[in-house]
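Asker: no sequence on this one, just coordinates:
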């Protein structure tokens, strides 16, 4: 990772969906909820043997053995160095690289510790806000939720809470929990006035919606004022950008929606928290929303990881139409089926649920239409469709959206539907598409050619055949398949069993430690990719993406554990016997003899 801060690398990795990146080079077909296959770009083949896995964010070819993460793919495919792959992917996913990229392991460790501290601050305050609301049902926040029909169960499900109106309560409560003022400032619970330097509280007297990342970890809050006219004029106040709260990379409700989305591969995209909660209350538990900001490319890519179909349930006012167009801009390139949910009377999902109940919401969802249908009512409000000039402007606008589509079959279908909608020929739209692409190509050429490419470093040599490797691979595969397996293996294997074994032993040890500690899946994936980026092991990559199945997993686990224990004892026996041969101290020889007898007894 020479030359780049590890946190920067991990941020780039987290923003890049490997299936989306590789899919822009290779035609991939979905084979499971997170797995894809295609023809390998690194060797000639007729039957697909190239696999990409979204969960582990890795690829592996079962034909030629090429294997790695998103950085390795760009290096191999573009024939460039690691630093160049970092710069290319950073530009693609919108990460700004610092001018000084020197990596400081100590600083990286401090950053990781600080992130964990921020998670803890958010979780502690979320639990307190929820508890305070529950214990004060007649508070302004409690009365507001009662009027909105939000039950205690729904409030608990979404970690809705309330902040006391007492001045400096959060600051004093945080200190009571053992957090420093700097912890509270870094987490965004408090802020510091620029002129006076005085610490102030951000959420006093507000209703809070806990914001969690896709893995359920608390990262911040969205807080609603309960006053008709807030003194500061702000109806909602969000946690500011922190090390763990990146507003444009989060989707409200995703942790609650993950189970439903993973089954259906469908998402409903709402405008705000209350709309999302209303959809869940109506039975549509696959609803999510951006965080009071314009929809972003990172949020679109996050949706792509979970869903093949998105239904947009935005308001039909001007702001809602603008948000709809922004969503189109980022969703169309990702080959996601896109629909529009039309809310009767221009209402939002929350109002529709309040007035019509679950049946009204279900009727609106079932009547959703493909996104192009929305333009039948939208275009006349934007252009004079009665004149050739107006229709030409409308055509140019629609073609600018079609130009975002990367899949040729989808593009042809949209061109055909767009021509019928605009009452023009398909040839005319293709001509406009060519004109726009030529214009963009010329602009790109003027921005300059890319920097000189550097050669890819040679692949790592195949892993040596070592005692216990087969058993270790079996345990690795079982750990990948199930955290329960990993916890059981962790209980049965002593630490010394994985003292040798190279990258495989390190990877297995990482999985076992993560399972035993109950670490989030995202942290495990990041740590494993960082480890494999240092020393790639093609066989390990193969087991990661396509772990073998076992007719009797329990027997395979126990047999492999016993084999590793035998290998460990043989290694201990050889080490002790070798030391005895070179030892002239009688007392030390006696101690070594006892150790040797102990090892022999264990056999």
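Answerer: Perfect, thanks for sending it. Quantities reported herein were computed from a predicted structural model and do not represent experimental measurements.
Asker: Give me the contacts around stretch 338-345.
Answerer: 268, 309-313, 315-316, 324, 328, 331-332, 349, 351-352, 360, 364-365, 367-371, 373-374 (CB atoms under 8 Å, 6 or more residues apart in numbering). For every residue, glycine as well, the C-beta is placed using N, CA and C.
Asker: tell me the mean pLDDT for that stretch?
Answerer: The pLDDT scores in stretch 338-345 average 88.
Asker: Can you flag which of the contacts of stretch 338-345 belong to strands?
Answerer: Under the assignment DSSP state E, the contacts of stretch 338-345 contribute 268, 309, 310, 311, 312, 313, 369, 370 to strands.
Asker: would JSON lines of those with distance to residue 167 be doable?
Answerer: Output for the ones in strands among the contacts of stretch 338-345, formatted as JSON lines (distance: CB to CB, whole Å):
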{"residue": "268", "distance to residue 167": "40"}
{"residue": "309", "distance to residue 167": "48"}
{"residue": "310", "distance to residue 167": "44"}
{"residue": "311", "distance to residue 167": "44"}
{"residue": "312", "distance to residue 167": "42"}
{"residue": "313", "distance to residue 167": "39"}
{"residue": "369", "distance to residue 167": "51"}
{"residue": "370", "distance to residue 167": "53"}
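Asker: between those, which is nearest residue 21?
Answerer: Closest approach to residue 21 among those (CB to CB): residue 310, at 19.8 Å.
Asker: On the pLDDT front, check the closest one for me.
Answerer: The model's pLDDT for residue 310 equals 96.
Asker: To what extent is it buried, counted in neighbours?
Answerer: Neighbour count of residue 310, defined by other CB atoms under 10 Å: 23.
Asker: Residue 334 is in contact with that one, correct?
Answerer: No: counting by CB atoms under 8 Å, residue 310 does not reach residue 334; the two are 9.4 Å apart.
Asker: anything in contact with each of the two?
Answerer: In contact with both residue 310 and residue 334: residue 303, using CB under 8 Å, 6+ apart.
Asker: Kindly check the end-to-end length of stretch 279-288 for me.
Answerer: 9 Å (CA to CA, to the nearest Å).
Asker: Show me how far it is from its chain's centre.
Answerer: Relative to its parent chain, stretch 279-288 has a centroid offset of 21 Å by CA atoms, centre = their mean, to the nearest Å.
Asker: So for it, what gets flagged as buried?
Answerer: 279, 280, 281, 282, 284, 285, 286, 287, 288 (16 or more other CB atoms under 10 Å).
Asker: Surely the fourth one touches residue 363?
Answerer: Just to be clear, that refers to residue 282. No: counting by CB under 8 Å, residue 282 sits too far from residue 363 to count as a contact (10.4 Å).
Asker: Quick one: name whatever helix or strand follows the host helix or strand of residue 562.
Answerer: Using DSSP states H and E, residue 562 falls within helix 553-581. Downstream of helix 553-581, the first helix or strand assigned by DSSP H and E is helix 586-602.
Asker: The ones in strands among the contacts of stretch 338-345, buried ones only, as a PyMOL selection?
Answerer: Listed next is the PyMOL selection for buried residues among the ones in strands among the contacts of stretch 338-345, using 16+ other CB under 10 Å:
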select buried, resi 268+309+310+311+312+313
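Asker: Out of the ones in strands among the contacts of stretch 338-345, which is nearest to residue 140?
Answerer: Using CB to CB, the ones in strands among the contacts of stretch 338-345 come closest to residue 140 at residue 313, 28.7 Å.
Asker: So in terms of bridging, what pairs with that closest one?
Answerer: residue 270 (DSSP bridges).
Asker: Touching, it and residue 275? I think so.
Answerer: Yes: applying CB under 8 Å, one finds residue 313 in contact with residue 275, separated by 6.7 Å.
Asker: shared neighbours of those two, which are they?
Answerer: Joint contacts of residue 313 and residue 275 (CB under 8 Å, 6+ apart) are 287, 348, 349.
Asker: Count the residues that sit near residue 167.
Answerer: Using other CB under 10 Å, residue 167 has 12 other residues around it.
Asker: typo on my end, it should be residue 504
Answerer: Using other CB under 10 Å, residue 504 has 22 neighbouring residues.
Asker: separation between it and residue 258?
Answerer: From residue 504 over to residue 258 the distance is 31 Å, taken as CB to CB, to the nearest Å.
Asker: in the sheet, who's paired with the closest residue to residue 245 other than its chain neighbours?
Answerer: Distances taken as CB to CB, 6 or more residues apart in numbering put residue 220 closest to residue 245, at 3.8 Å, once the chain neighbours are dropped. Per DSSP bridges, the residues bridged to residue 220 are residue 211.
Asker: okay but residue 220 is in contact with residue 239, surely?
Answerer: Yes: between residue 220 and residue 239 a contact is recorded at 3.0 Å, counting by CB under 8 Å.
Asker: Quick check: which ranges of the stretch 301-450 of the chain have low pLDDT?
Answerer: Segments of the stretch 301-450 of the chain classed as low confidence (criterion: pLDDT under 70) are 346, 443-450.
Asker: Show me what the longest helix seen in the chain is packed against.
Answerer: Longest helix of the chain, by residue count under DSSP state H: helix 105-135. Contact here means 3 or more CB pairs under 8 Å, 6 or more residues apart in numbering; DSSP states H and E; on that basis helix 105-135 packs against helix 6-15, helix 140-147, helix 152-157, strand 160-162, helix 169-176, helix 181-187, strand 207-212, strand 218-224.
Asker: Could you rerun that using 6 Å?
Answerer: On a contact count with 3 or more CB pairs under 6 Å, 6 or more residues apart in numbering; DSSP states H and E, helix 105-135 meets helix 6-15, strand 160-162, helix 181-187, strand 218-224.
Asker: residues of the first one that come out buried?
Answerer: Applying a neighbour-count criterion of 16+ other CB under 10 Å, one finds 6, 8, 9, 10, 11, 12, 13, 14, 15 buried in helix 6-15.
Asker: before we move on, back to that, give the residue from residue 220 and residue 239 that has the larger number of neighbours.
Answerer: Counted by other CB under 10 Å, residue 220 and residue 239 do not tie: residue 220 has more neighbours, with 30 against 22.
Asker: The buried residues of stretch 279-288 in strands, which ones?
Answerer: When DSSP E defines the strands, the subset of those inside them is 287, 288.
Asker: Kindly reformat the buried residues of stretch 279-288 as JSON lines containing pLDDT.
Answerer: Listed next are the buried residues of stretch 279-288 as JSON lines, based on pLDDT from 0 to 100:
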{"residue": "279", "pLDDT": "97"}
{"residue": "280", "pLDDT": "97"}
{"residue": "281", "pLDDT": "96"}
{"residue": "282", "pLDDT": "96"}
{"residue": "284", "pLDDT": "97"}
{"residue": "285", "pLDDT": "96"}
{"residue": "286", "pLDDT": "96"}
{"residue": "287", "pLDDT": "97"}
{"residue": "288", "pLDDT": "97"}
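Asker: Dump the buried residues of stretch 279-288 to TSV, plus distance to residue 232.
Answerer: Below are the buried residues of stretch 279-288 laid out as TSV (distance: CB to CB, whole Å):
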residue	distance to residue 232
279	30
280	30
281	30
282	33
284	34
285	35
286	35
287	30
288	28
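Asker: Among the buried residues of stretch 279-288, find me the one that's closest to residue 492.
Answerer: residue 285 (38.4 Å).
Asker: Who are the contact partners of the closest one?
Answerer: If a contact means CB atoms under 6 Å, 6 or more residues apart in numbering, then residue 285 has residue 260 as its contacts.
Asker: Can you give me the domain assignment for the protein?
Answerer: According to automatic domain parsing, the chain comprises the domains 6-93, 115-245, 247-369, 383-445, 469-602.
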